[in-house]
Structures are given as C-alpha cells and as structure tokens.
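In: Below are the sequence and a predicted model for it; my questions follow.
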Number of protein chains: 4
Amino acid sequence: MDKKVFMQWVQQRHVSIPQLLLAHYTDLRMDEQELVMLLHIQSSLDKGDAFPTPEHLSTRMTLSLDECTSILGQLIKKRLLSLESHLNEEGIVSESYTLEPLWSSLITLLSRWDEKEAKADQK
Amino acid sequence: MDKKVFMQWVQQRHVSIPQLLLAHYTDLRMDEQELVMLLHIQSSLDKGDAFPTPEHLSTRMTLSLDECTSILGQLIKKRLLSLESHLNEEGIVSESYTLEPLWSSLITLLSRWDEKEAKADQK
Amino acid sequence: MDKKVFMQWVQQRHVSIPQLLLAHYTDLRMDEQELVMLLHIQSSLDKGDAFPTPEHLSTRMTLSLDECTSILGQLIKKRLLSLESHLNEEGIVSESYTLEPLWSSLITLLSRWDEKEAKADQK
Amino acid sequence: MDKKVFMQWVQQRHVSIPQLLLAHYTDLRMDEQELVMLLHIQSSLDKGDAFPTPEHLSTRMTLSLDECTSILGQLIKKRLLSLESHLNEEGIVSESYTLEPLWSSLITLLSRWDEKEAKADQK
C-alpha cells in the first residue's frame, strides 16, 4: 500500500453525524437522498464553503443538476435547510446555507416525545 | 428547552464518516440508499450490534423489508460489505457484518488514481 | 505499508471531542491531565466498558496508579464526573461512570456567558 | 435551558481523535500536555488556521506562553510535529503546522508490532 494514499486517509476530515439524526431522519419526513444531500452541505460548511452549488452537489451524488436543485428546494420548503444573506463591509451580499432548522426540528421532535412519555408515566 | 433532551443530545454517539467516502461513494458505484444503509450498519457495529437485521434497518429507513434485503444482497455482491462467521467456545456460530471490503475498495481506487497522477507527472 | 495495519487504522473508532470542551476546559478548572482522563473514560464508555479502573487508566497514561486514583477523586469532587449504581435483575449492583456532570457544567457556563452578553447588549 | 446555547452546541465542530492515538501516545513518548497541544493544533487546522501561535495556545491551555513555546519545540524535536513553508504567487512565505510526522510515527509503531506478532506466530 501506498504511503501517500495512507497519509491522505489519515489527514482527511470526518463528517460527524449525530446518532439521533441517523435514527430519526425518517420521522422528519426525509428520505436517504435528502439526508445525504444535507451531509454534503455539512461537509462543505466544515471546509469553509458555505454555499455549495447544485452543480457541485451533482458531481458528488447520483443525481442530475435538476434533481439537486429540486431536492434543495424541497429541503428549504420542509424547513430543514435555510439560506442566510450576509452583507459584508464593502456592501457585497453573500449567501450561506445553515442547518439550524434541521437541528431545531429534530430537537422539537425529541422534546415532544419526551413530554408524551412523561405524561404516560404520570398516569 | 428540555434539559433531559439536551442531555440525550450531548451524550449521544456520533458516526464518523470519512470525507473520502462521502466524496467518492459514487465512484464505487453506490447510490445514496446504499451509502445510508452502510452508515446504519456502521452505527450498529459501533454500538456492539454486529448483525443488524433487514427488519431493524427497515424501521430506520424509508425502505420496505424486501428492499432492505435486496440492497444488502447488492452490497455483498458488489463487494462493499461482507459477512463473517464466528464459532464461539460453546460451538455456536454467530454472524457479523464487516465493512472491510468497502474500505479496501476505496483505498484501491485512491491508489490507482495516485499512480495515474504520478505517471502523468513523469511525462 | 502493511495492509493489516491500514485496515486496523481504517476500522478503528474515533473519540469525538466537542470544540466547546476543548476551548473551555480551563474555564471549568480542569488541566490537561484531567481532560485526557475524561477522554479515556469517554473512549471506554463508547466501547461498552462503563467502569474503567485506575489500573487500566494508568497503563494508558503517563500517570502512576496512585495519581490516577487521585485525579479520579478530584474530578468527582469538582463535579465533572460521577458514579452511578445499577441494580440488575439478579440483585447484583454494578457501577458506571457518567460524564453528565461535565456536560451540565459546560452548558451552565455557556448559558451564563450568553446571559451576560445579552445584558451587555441591552445597555 | 437557553435555545441559543443549544444551537451553539449543536452546530459546533468536533475534533475526531483516533482511538489508536489515545491508546498509544505514551508509546510515542508523549505526555498529556503534549497530546492536548496536538489536539488544539488539529482543531486550528480544521478551522483553517494553519499556524496557531504560542499566545493563542496559551489562552486555551493551563500553560504559560514560555511553556507553550517550549512544548512546541519539544514536539518538533521528537518529530511529532513539523512546520511547512509555502511560497504564494505574490512571493510571500507563510508557515503551517502539519501533524504528518505524528501519524507517520504512529503507523511505524503499529507496523513494527504487527511484524513482531507475525514472527512470534511463525515460531
């Protein structure tokens, strides 16, 4: 085995997926393609690229450019992804994705279940 | 926000996905459903459950039991997943999944690309 | 490079340290030896060993058995680590470490800072 | 609990420590302070800051500025850390840390053990 490849492996970053997301993405009405798209977006955010384009996503996924655009739209519509606009000092607007709505939805879901359980225990 | 839910969040495990897998799963002829199935299997292995059943996977994914069985079969056929048999001291056979073929295939791919690049540089 | 070693590398688990812990352990009055001891405990918990002994910790760290016992005591005293007792169905008591007090302290710290900042902004 | 703090928690990055490093840093003649310094450097590299200064490290650790400078020197001397110089297009030189020697040393160690074991098995 090639030492150069091994160093590439050892020095790569890892995307960290919370087990609770993996266990409950279907409860958030997401399918596997949507989940993986969010992982690609997380990976881009980790690398400092806050606005991966549908073109970029399409080269990494089994999906066409149109399918990527459509899934991004669905994720925003389902409130699992959102776009933030930033105005820099020179007055130039830039956009970045945020997964905040995803985490917020997941927490709301877990809290509701926890309340239900607490009520069931009281009976 | 609920403190109990927060503690559940903080104490959960994370599944660590190598960026190189996320970048190259399509080069290994995998689609998003296959990738997520391997993540579920990795997550089970991390928890000490070495043989997640199609039934278990089906409750976590958008796929039916038959679809899970079929994708597991495909992954084994494509040599991205394999089953190992273990004989314990009492003579009972148990089975466990291993992702070794996946990592092996990914490394072979990266090594081949590295060789090609090295040759191209020599010209 | 040795393929067997590479597979050992690729298939190992990772301990995930939250950046907020790395940035603020000194604010929780911990030093580097205490932090690394908690990482070893986290690593044991992840592997399903809920009660790593001072002997085990001592073989993994630069510390003697007495030093390990003493640091474990300090961590419990500082409320960054605690021991839980469990009674199983056969009436046997087992003990396990939990990092819940660590996470709780870190969150309390971050919340206090956030409140201070919010008040400062109101002025 | 404060939603803002929770979102800060959920959206933070994690530093991924390979279990093999945690298990074997003492075999590489490192102590806990040196290990944590390397984790801080890894964390900086992950955030895109390739050259954290001793001043920065000192604010995050229990160590004084002089102690940080001294430990950085030791890590370089022990060949666990190195500095790379880069010349950019405008002819300006910048420096960055790399943990490549750490990973290389760890792998050499594991390979040697593996060889010894293989020889022992042959006898």
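Out: Done, it's in. Residues are numbered from 1 along each chain as shown, chains lettered A, B, ... in the order given.
In: show me where pLDDT drops low in chain A?
Out: Scanning chain A for pLDDT under 70 picks out the ranges A:1, A:123.
In: where does it come near chain B, residue by residue?
Out: With CB under 8 Å from any CB of the partner chain as the criterion, chain A comes near chain B at residues A:1-2, A:4-5, A:8-9, A:12-20, A:22-23, A:26, A:31-33, A:35-36, A:39-40, A:43, A:60-62, A:107, A:110-111, A:114-115. (Glycine included, C-beta is placed from N, CA and C.)
In: Show the buried residues in these.
Out: Listed as buried from the residues of chain A next to chain B are A:2, A:5, A:9, A:13-18, A:20, A:22, A:31-33, A:35-36, A:39-40, A:43, A:60-62, A:107, A:110-111; burial here means 16 or more other CB atoms under 10 Å in any protein chain shown.
In: Let's see which of these end up in helices.
Out: Using DSSP state H, the members of those that fall in helices are A:5, A:9, A:20, A:22, A:32-33, A:35-36, A:39-40, A:43, A:60, A:107, A:110-111.
In: ok, and which of the residues of chain A next to chain B reach chain C?
Out: Among the residues of chain A next to chain B, chain C is touched by A:Met1, A:Asp2, A:Trp9, A:His14, A:Ser16 when using CB under 8 Å from any CB.
In: just the residues you listed now: which is nearest D:Leu83?
Out: Checking these against D:Leu83 with CB to CB, the nearest one is A:Trp9 at 22.6 Å.
In: returning to that earlier point: nearest to B:Glu90 among the ones in helices among the buried ones among the residues of chain A next to chain B?
Out: Using CB to CB, those come closest to B:Glu90 at A:Leu22, 33.7 Å.
In: list the contacts for the closest residue to that closest one other than its chain neighbours?
Out: With sequence-adjacent residues excluded and distances taken as CB to CB, 6 or more residues apart in numbering or on different chains, A:Leu22 is closest to B:Ser43, at 5.6 Å. By CB atoms under 8 Å, 6 or more residues apart in numbering or on different chains, the contact set of B:Ser43 is A:Gln19, A:Leu22, B:Arg13, B:Val15.
In: and what of A:Leu57?
Out: A:Met37, A:His40, A:Ile41, A:Leu63, A:Cys68, A:Leu72.
In: I figured the third one hits A:Leu99, correct?
Out: What it means is A:Ile41. Yes: using CB atoms under 8 Å, A:Ile41 is in contact with A:Leu99, at 6.8 Å.
In: and these two? which has more neighbours close in?
Out: Between A:Ile41 and A:Leu99, counted using other CB atoms under 10 Å in any protein chain shown, the more crowded position is A:Ile41 (22 against 19).
In: measure the closest residue to the more buried one other than its chain neighbours to chain C for me?
Out: Residue nearest to A:Ile41 in three dimensions, not counting chain neighbours: A:Tyr97, with 5.4 Å by CB to CB, 6+ apart. Separation of A:Tyr97 from chain C (CB to the nearest CB, to the nearest Å) stands at 20 Å.
In: so how far is D:Asp2 from A:Tyr97?
Out: Distance from A:Tyr97 to D:Asp2, counting by CB to CB, to the nearest Å: 24 Å.
In: so how far is A:Tyr25 from the residue most central in space within chain A?
Out: Central residue of chain A (CA atoms, centre = their mean): A:Leu38, 2.7 Å from the mean position. With distances taken as CB to CB, A:Leu38 is found 9 Å from A:Tyr25.
In: Same check on A:Trp103?
Out: From A:Trp103 to A:Tyr25 the distance is 12 Å (CB to CB).
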